[in-house]
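A.B. asks: Turn this into a model:
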Amino acid sequence: MSDLGDLILSADVYECFDGNTVEVEIMLDYLTVQRISPRHIYRDIVEHIQSQPRKFAPLIERDLFVDVYNVVPGPDPGIDTPRQRICRVCAAEVFLYGLKDWWIRERNKGFLEPSVTERPNCPNGNDCLRQKEHAHAKEFNHIIPVTPLPADSGPSTSTQPVFPSQSAGLVSQASEAAVRAALMDGDGFVPLHVPSSSPPLGDPDIVIGSSQEFRDAVDAML
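C.D. replies: Numbering: from 1, shown residues only. All right, here's what the predicted structure looks like:
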């Protein structure tokens with residue numbers, strides 16, 4: 001996918017930012033200027049999660065994927081069981097789970113206009129209930145990292161680990177379709193981890209190293 005139209009159509013993308021449409025618009029403008037695709041963001045999110053000590057375990061423990069599919073109950077092979085691919089629906093869950101924190105890391109790289117970066121931080125921070133108000137969101141910054149992050153030399157590259165955001169819940173049907181369309185083409189599965197030098201994300205023949213287990217539902221689809 002070469003444009004961001006599918007992300008614009010996804011209500012869940014805006015929900016990731018607690019209804020802060022100003023910040024979403026800033027992010028979409030940035031993605032357009034930097035020519036960053038949703039699939040590129042997905043790769044960055046997965047690489048970041050896999051760089052954490054517990055990898056995908058926190059997502060599994062939050063039951064992020066438990067209601068995606070209705071499958072026959074079976075033995076859980078364990079969180080550390082290697083997995084190579086993930087279905088589109090669960091890839092959308094991962095994307096929404098990590099999108100806001102990806103943007104926090106990306107903003108820190110210093111490629112945004114001063115009119116964006118020099119806004120004072122809102123006293124109520126990320127949890128401000130007024131950030132849905134356009135004027136308030138435009139006046140104050142609500143994208144505040146939990147810990148300071150060092151600047152990087154280029155857009156959309158690996159950064160210091162930050163624990164993934166827990167603001168994104170299960171995907172609604174309409175938004176799910178939009179996010180899935182933005183992430184990939186081809187069959188119903190995507191590699192769970194694709195280095196930046198690897199073939200496109202939709203290639204079903206890519207062989208990937210070990211990753212974390214995505215519950216029985218995803219296991220049944222692999």
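
A.B. asks: Report the buried residues of stretch 20-35.
C.D. replies: 20, 22-24, 26-27, 30-31 (16 or more other C-beta atoms under 10 Å). Any C-beta I mention is one placed from the backbone N, CA and C, and that applies to glycine too.

A.B. asks: Can you list the low-confidence ranges for this structure?
C.D. replies: 1-3, 67-83, 146-222 (pLDDT under 70).

A.B. asks: how about a markdown table for the buried residues of stretch 20-35, with secondary structure and distance to Gly98 added?
C.D. replies: Below are those laid out as a markdown table (DSSP: H, G, I helix; E, B strand; the rest coil; distance: C-beta to C-beta, whole Å):
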| residue | secondary structure | distance to Gly98 |
| --- | --- | --- |
| Asn20 | coil | 17 |
| Val22 | helix | 21 |
| Glu23 | helix | 16 |
| Val24 | helix | 15 |
| Ile26 | helix | 18 |
| Met27 | helix | 13 |
| Tyr30 | helix | 17 |
| Leu31 | helix | 15 |
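
A.B. asks: now those residues in a markdown table, with distance to Phe95?
C.D. replies: Listed next are these as a markdown table, based on distance: C-beta to C-beta, whole Å:
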| residue | distance to Phe95 |
| --- | --- |
| Asn20 | 18 |
| Val22 | 21 |
| Glu23 | 17 |
| Val24 | 14 |
| Ile26 | 19 |
| Met27 | 13 |
| Tyr30 | 17 |
| Leu31 | 13 |
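
A.B. asks: can you give me the helices in the chain?
C.D. replies: 5-8, 11-16, 21-34, 38-51, 57-61, 88-107, 114-117, 134-139, 173-183, 215-221 (DSSP state H).

A.B. asks: Which of those sits closest to Asn124?
C.D. replies: Among the helices of the chain, the nearest to Asn124 by C-beta to C-beta is helix 134-139 (10.0 Å).

A.B. asks: other SSEs contacting the closest one?
C.D. replies: helix 21-34 (3 or more C-beta pairs under 8 Å, 6 or more residues apart in numbering; DSSP states H and E).

A.B. asks: how about the CA coordinates for the helix it packs on, as CSV?
C.D. replies: Provided in CSV are the C-alpha atoms of helix 21-34 (Å, rounded to 0.1, in the frame of the first residue of the first chain):
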residue,chain,number,x,y,z
THR,A,21,-7.7,14.0,16.3
VAL,A,22,-5.1,16.8,16.2
GLU,A,23,-2.3,14.4,17.1
VAL,A,24,-3.6,11.8,14.6
GLU,A,25,-3.6,14.5,11.8
ILE,A,26,0.0,15.5,12.8
MET,A,27,1.1,11.8,12.6
LEU,A,28,-0.7,11.3,9.2
ASP,A,29,1.0,14.4,7.8
TYR,A,30,4.3,13.2,9.0
LEU,A,31,3.8,9.7,7.5
THR,A,32,3.0,11.4,4.2
VAL,A,33,6.0,13.6,4.1
GLN,A,34,8.4,10.9,5.3
